[in-house]
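Participant: Provide a 3D model corresponding to the input given below.
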Amino acid sequence: MTVYRVKAFQYLRQSLTTSPLLLIPYLKLPFKLYSSRDGLGPALHQVQIITENPVEGLICFISRKTKPTESRYEASQMECLYIFWAFEKLLYFLEECAFVAITDCTTGKSLLNMKTPHIHMLRWKIAIQEYRCNMIIAHKNGNIHKNTDGVSRQLLPNYIENPAFLPEGASPQIPI
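Facilitator: Now for the predicted structure:
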């Protein structure tokens, strides 16, 4: 990428993540968590009443680069990692509220119902099992599921100011 394109993308990302485009989360309303298998870059949305009309607006974006071992995951494993990681990072918003995790991979939809998941998928399933009553996992075709693509493809570097920062060599905290 050229320097001009990187600066343009950073300007666009800054513009998309500042007021008035971000909504203040209302914890009594359900959330929508969008994910895409292109990388780890979920988008948290919520439908709120603005000027007497229901409007779906953005609450936040987060992203991180996949680790070398994660980059070798199959699409189904990547999508389940994505749902788990997004849930772990956005737990403050999601643990007490109803929410829909919208994914562009059909395997993500069946994460909680898998009979014999891969070992790390089993860990993710156990970790989010407690919140199953609040969560619905839905599928949305990738052609019409574009709100997370940009964030998941242009990932934030792993530095201390990134909310998803993970020190080199550290493993994420998995509540079990």
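Participant: going forward, measure contacts and count neighbours with C-alpha atoms only.
Facilitator: Fine.
Participant: okay, and for the protein, where does confidence drop off?
Facilitator: For the chain, applying pLDDT under 70 flags the ranges 1, 18-20, 36-39, 105, 107-111, 141-176.
Participant: show me the helices in it, by range?
Facilitator: 3-16, 75-89, 91-94, 106-109, 119-129, 149-153 (DSSP state H).
Participant: and of these, who's closest to Arg64?
Facilitator: Set against Arg64 and scored by Cα to Cα, these come closest in helix 149-153, at 7.7 Å.
Participant: about what we covered before: can I get the helices of the chain in JSON lines including distance to Gly41 and mean neighbour count?
Facilitator: Shown next, in JSON lines, are the helices of the chain (distance: least, Cα to Cα, whole Å; neighbours: other Cα atoms under 10 Å):
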{"stretch": "helix 3-16", "distance to Gly41": "13", "mean neighbour count": "12"}
{"stretch": "helix 75-89", "distance to Gly41": "8", "mean neighbour count": "21"}
{"stretch": "helix 91-94", "distance to Gly41": "15", "mean neighbour count": "16"}
{"stretch": "helix 106-109", "distance to Gly41": "15", "mean neighbour count": "20"}
{"stretch": "helix 119-129", "distance to Gly41": "18", "mean neighbour count": "16"}
{"stretch": "helix 149-153", "distance to Gly41": "4", "mean neighbour count": "19"}
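Participant: would a markdown table of these with distance to Val55 be doable?
Facilitator: What follows is the helices of the chain, written out as a markdown table (distance: least, Cα to Cα, whole Å):
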| stretch | distance to Val55 |
| --- | --- |
| helix 3-16 | 16 |
| helix 75-89 | 23 |
| helix 91-94 | 19 |
| helix 106-109 | 25 |
| helix 119-129 | 28 |
| helix 149-153 | 21 |
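Participant: closest one to Ser63 among these?
Facilitator: Ser63 lies closest to helix 149-153 among those, at 6.3 Å (Cα to Cα).
Participant: excluding sequence neighbours, find me the nearest residue to the spatially most central residue of the chain.
Facilitator: Centroid-nearest residue in the chain: Pro42, 2.4 Å away (criterion: Cα atoms, centre = their mean). Distances taken as Cα to Cα, 6 or more residues apart in numbering place Ser35 nearest to Pro42, at 4.8 Å, with adjacent residues excluded.
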